[in-house]
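Trainee: I would like the atomic coordinates for the input below:
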Amino acid sequence: MLKLALLFFLISMIAGFFGFTDTAVRTKNIAKILFFISILIFLAVFIFGVLLGVWIF
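Mentor: A predicted model of the protein is given here:
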């Protein structure tokens, strides 16, 4: 998912460079949403792993 966020960010930068501001704004928003979703999933897995590790040991 982080790769998709990076891909959409790059598309946004290229579209902004060529003057496609509407496309740049939309892809930037998609990249931001995907980035925050991937961070939330990472934190959930990390916290679950720590709690499970404490519970087992």
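Trainee: how much space between L34 and L43?
Mentor: Per Cβ to Cβ, to the nearest Å, L34 is found 15 Å from L43. Every C-beta, even on glycine, is put in place using the N, C-alpha and C of the backbone.
Trainee: more neighbours, these two?
Mentor: L34 (19 against 10; other Cβ atoms under 10 Å).
Trainee: grab the nearest non-local neighbour of the more buried one.
Mentor: Leaving out its chain neighbours, the residue that sits closest to L34 by Cβ to Cβ, 6 or more residues apart in numbering is A5, at 3.9 Å.
Trainee: name the element that neighbour belongs to?
Mentor: Assessed by DSSP states H and E, A5 sits inside helix 2-17.
Trainee: what angle sits between the next helix or strand after that helix and helix 2-17?
Mentor: Going down the chain from helix 2-17, the next helix or strand is helix 21-56, by DSSP H and E. Counting by axes from the mean of the first three to the mean of the last three Cα atoms, to 10 degrees, helix 21-56 lies at 160 degrees to helix 2-17.
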